[in-house]
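Undergrad: based on what follows, work out the 3D shape:
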Amino acid sequence: MSSLYTMPLDTPFCLLDCQSAFANLTDNEKRYAHFLSQACWYGGLIVLHQTSPESPLIYVLLQKLFRGQSIESLKSTALKHGSSENDVKALMVYAGAFYSNMGNYKSFGDTKFVPDLTEERLWKILEASSCYESEPDTIKSLWESCSKQLYSLTDKERQLGLGGKGISTYFSYNCTNDDADLAQKFLDEKNISAYNTRLFKSTCDNGDVVYEVRLASVDVEGDVSPCGSYDYEGKKFNVTRGDHHRLLQHVVHNLNKAKEYAANEHETKMLENYIDSFTTGSIQKHKDGSLHWIRDKGPIVESYIGFIESYRDPYGTRGEFEGFVSMVNKVMSAKFATLVSSAEKLLLELPWPAEYEKDVFLKPDFTSLDVLTFGGSGIPAGINIPNYDDIRQTDGFKNVSLGNVLSSHSNDQTITFLGDADKELYSKLKAPSFEVQVGLHELLGHGSGKLFIRDDEGQLNFNVDSVKHLITGTQIGSWYTSQETWDSKFSTISASYEECRAECVGLYLCLNKDILRIFGHEGDEADDILYVNWLNMCRAGVMGLEFYTPENDQWRQAHMQARYVILRVLCEAGEGLITLQQTTGADGQPDVTVILDRSKINTVGKKAIGEFLRKLQVYKSTADVAGGSEMYLKYSAVDAYFTDLRNIVIARRLPRRIFVQSNTVLSDDGVSLLTYEANSEGMIKSFAERCTDPDINDIIQSQWSNDKHLFE
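TA: Predicted coordinates:
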């Protein structure tokens, strides 16, 4: 069995520690955080239905297994019936990874992973379990319904993708990129957001093609806008609602409970609009809630919830459900507040004129948060939201840096692809340098730049006579319409392109000593911080090759594609700025060392990133999909040299760490925090004690049953 598609038994698990921050909350704040957390956890189960056809059933099977008896009892029983220690460990690691990714595809990389024990040996453990003893027919039925897909690794099933390139449950099995293109044109014309939709295609007996655009909502019935039937370019589009409706009922119930403990009117209005959005399927209501969220400055308990990031939709426009709840880290937030106060001045240093920047920079909240709950498929280090272009351009956004996620990353595993001297410096300064990069990436990366838009009355939001194209020097000739968004326009490359732009902003601005001083770095230490930041980006570009699939020429992870692109830009700059030195490692196997000439970062490096960043911005501002795609895909290409390098990267890849999160429990005495051991058993126990509604397995299985014909 290929280890590319299994989780190593030494996969690291770490506790996402928030005990101190939670202890400082008042009773009211704890209750608010508790009910928000419940909404996030129940909503996070939607991701099962957004990942793969088999994920919902695997979840139900695992929950029955681990709720049926303690882990210690399960281990003992399995060993008595002839299973090995390694078999049991492999199951535990698989289950922990499945829960962490909320499905059987990695959230970071989009590749499938299967249990590192044979189908027969896994069934042996199940057959010896208490859940099998108590309900054998149910366990047999679940196993027979999902075991084949659980282990199957056909070319298509090895990664997420659209059509023949991979698996996606955002689309029915028969959808292609052409179908996604047509549907997006339809959605744009009807001013329907794709964020909370899935697309299903069917063919009538007479050969006519019918598309169903299904909105996520509690409400199933009711012919309300935009629901209805439409004829578009010779095809029938039926817009319906009610996707994930029973899971969203749990989300809405808990948001209503959280509203009782809201700290102010903005939080109340925010939750009311979210409730309305999840009930009716209205993205406009979610936007209205997001506006109140933006205006809720400096809350003690910070949260956001909904269909947010489009990374895992192979077309790049549909949002995966996620929700987080967190508490403010006041010390680090003070540094970010200073960065925000300097933002307008710092934006002037970016390599484009003021006309390419928003007319008014709306200073956002920028806080460092300790995560209590993150429901979804993965936990980022920082977030810049909301993702709605119209709100970001005119009303602003919020930045959050997830402090306990960053600190959990600080104790790295084996450091690959660096020389010994760099390894020592990297180990010492990776955490503080990454802190700087995340701050700049989120605030001045995602927070910068203007989109040129023509409104419904034909008015442009820029002066077409005076604003010139930064590459050609000619008049601007392209822009967005009011119905178009960055995601809908650039679709498949939008996520990676934007992450690349934000990463470049971080690299470019970290050369500013005033910025480093804000974070407490001066003198030689400041020089080392910026060096490690650039070195980390170059190393990440090499490591990014793990997330490229040569068989179908596809990148599977937006951030890692972005970092590879930056590596190629820096390599192209030449003058000895960066060297990728192929060597033989201490183990006698091929290796590579990234060598960065720190004396040339401020000259050769800054010039290369500045020129590339300017091109990224002009293509984005002007909605020039053709120009932007041609440039970005050129740098994304993996030639023969980098294909050989990829083999080294694959051979030396390291498992990503998995975060074990706490649970909150409400009793007569108030809300208490339950923490778990930082291992696969702790991960499993945390999920066994989460989403405990007795009907939840039936809800998940029922939706699977209703949807399964769409993916066969």
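Undergrad: chain neighbours aside, what residue packs nearest to T481?
TA: With CB to CB, 6 or more residues apart in numbering as the criterion, T481 has its nearest non-adjacent residue at 5.9 Å, and that residue is R454. Just so you know, the C-beta spots here come from the backbone N, C-alpha and C atoms, and that holds for glycine as well.
Undergrad: need the helix or strand of this structure with the lowest average pLDDT.
TA: Ranking every helix and strand in the chain by mean pLDDT, DSSP states H and E puts helix 403-409 at the bottom, with a mean of 82.
Undergrad: thought K287 was touching D389?
TA: No: the pair K287 / D389 is not scored as a contact, 10.7 Å apart, by CB atoms under 8 Å.
Undergrad: burial of the residue nearest to T481, as a residue count?
TA: Counted with other CB atoms under 10 Å, residues neighbouring R454 total 17.
Undergrad: who's in contact with it?
TA: Contacts for R454 were tallied using CB atoms under 8 Å, 6 or more residues apart in numbering; they are 460-461, 479-482.
Undergrad: that one and S478, how far apart?
TA: Computed with CB to CB, to the nearest Å, the distance linking R454 and S478 is 10 Å.
Undergrad: so which bits of the lengthiest helix in the chain are buried?
TA: When the chain is scanned for its longest helix (criterion: DSSP state H), the result is helix 486-509. Burial within helix 486-509, assessed by neighbour count using 16 or more other CB atoms under 10 Å, is assigned to 486-509.
Undergrad: for the nearest residue to N404 once chain neighbours are set aside, what are phi and psi?
TA: With CB to CB, 6+ apart as the measure, D370 is the residue that lies nearest to N404, at 4.5 Å, once sequence neighbours are left out. Taking degrees, to the nearest 10, you get phi -100, psi 120 for the backbone angles of D370.
Undergrad: now do the contacts for D370.
TA: When contacts are taken as CB under 8 Å, 6+ apart, D370 is in contact with 17-18, 20-21, 326-329, 402-404.
Undergrad: G506 contacts F434, correct?
TA: No: taking CB under 8 Å as the contact criterion, G506 and F434 are not neighbours in contact, 9.8 Å apart.
Undergrad: find residues that contact each of those two.
TA: Common neighbours of G506 and F434 (criterion: CB under 8 Å, 6+ apart): N533.
Undergrad: ok so, going back, beta partners of the residue nearest to T481?
TA: Beta-bridge partners recorded for R454 (DSSP bridges): L460, T481.
Undergrad: pretty sure I415 is touching K423, no?
TA: Yes: contact between I415 and K423 holds when scored by CB under 8 Å: they sit 4.7 Å apart.
Undergrad: where does the stretch 301-450 of the chain have low pLDDT?
TA: Low-confidence regions of the stretch 301-450 of the chain, defined by pLDDT under 70, span residues 409-413.
Undergrad: about what we covered before: specify which member of the contacts of R454 is nearest to Y232.
TA: Of all those, the one with the least separation from Y232 (CB to CB) is T481, at 16.9 Å.
Undergrad: and that closest one, what does it touch?
TA: By CB under 8 Å, 6+ apart, the contact list for T481 reads 188, 453-454.
Undergrad: tabulate the contacts of D370 (a markdown table), appending distance to Y99 and neighbour count.
TA: Supplementary listing: the contacts of D370 in a markdown table, determined by distance: CB to CB, whole Å; neighbours: other CB atoms under 10 Å:
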| residue | distance to Y99 | neighbour count |
| --- | --- | --- |
| D17 | 19 | 18 |
| C18 | 18 | 24 |
| S20 | 25 | 11 |
| A21 | 23 | 21 |
| S326 | 20 | 28 |
| M327 | 23 | 25 |
| V328 | 27 | 21 |
| N329 | 26 | 21 |
| L402 | 19 | 23 |
| G403 | 23 | 26 |
| N404 | 19 | 23 |
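Undergrad: before we move on, back to that, now the longest helix of the chain: average pLDDT?
TA: The average pLDDT within helix 486-509 is 96.
Undergrad: which residues touch whichever helix or strand comes after it?
TA: Past helix 486-509, further along toward the C-terminus, the next helix or strand under DSSP states H and E is helix 513-518. Applying CB under 8 Å, 6+ apart, the external contacts of helix 513-518 come out as 335, 338-339, 342, 346, 436, 440, 509-510, 522, 526, 529-530.
Undergrad: and stretch 564-578, by the same measure?
TA: By CB under 8 Å, 6+ apart, the surrounding residues in contact with stretch 564-578 are 496, 500, 503-504, 507, 537-538, 540-542, 544-545, 548, 555, 580, 594-597, 600-601, 604-605, 607-609, 612, 632, 635-636, 638.
Undergrad: out of those residues, which sit inside strands?
TA: Of the contacts of stretch 564-578, the ones assigned to strands by DSSP state E are 548, 555, 580, 594-596.
Undergrad: buried among the residues you listed? Need that as a selection in PyMOL.
TA: Of the ones in strands among the contacts of stretch 564-578, the buried ones go into a single PyMOL selection, burial set by 16+ other CB under 10 Å:
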select buried, resi 548+555+580+594+595+596
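Undergrad: between the ones in strands among the contacts of stretch 564-578, which sits nearest L291?
TA: In terms of CB to CB, no member of the ones in strands among the contacts of stretch 564-578 lies closer to L291 than W555, at 33.8 Å.
Undergrad: who's in contact with the closest one?
TA: If you count contacts by CB under 8 Å, 6+ apart, then W555 has 496, 547-549, 561, 564, 636 around it.
Undergrad: which positions in stretch 63-71 come out as buried?
TA: If you call a residue buried by 16+ other CB under 10 Å, then stretch 63-71 has these buried ones: 63-66, 68-69, 71.
Undergrad: closest to P226 among these?
TA: Sorting those by distance to P226 puts Q63 at the head of the list, at 35.8 Å, by CB to CB.
Undergrad: isn't the closest one right next to K685, touching?
TA: No: with contacts counted by CB under 8 Å, Q63 stays clear of K685, the gap being 12.0 Å.
Undergrad: adding secondary structure and distance to K201, write the buried residues of stretch 63-71 out as CSV.
TA: Compiled in CSV, the buried residues of stretch 63-71 are given as follows (DSSP: H, G, I helix; E, B strand; the rest coil; distance: CB to CB, whole Å):
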residue, secondary structure, distance to K201
Q63, helix, 32
K64, helix, 34
L65, helix, 36
F66, helix, 37
G68, helix, 39
Q69, coil, 43
I71, helix, 43
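Undergrad: including distance to G576 and pLDDT, could these go into TSV?
TA: TSV is the format used below for the buried residues of stretch 63-71 (distance: CB to CB, whole Å; pLDDT from 0 to 100):
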residue	distance to G576	pLDDT
Q63	56	98
K64	60	98
L65	57	98
F66	55	98
G68	62	96
Q69	62	97
I71	54	96
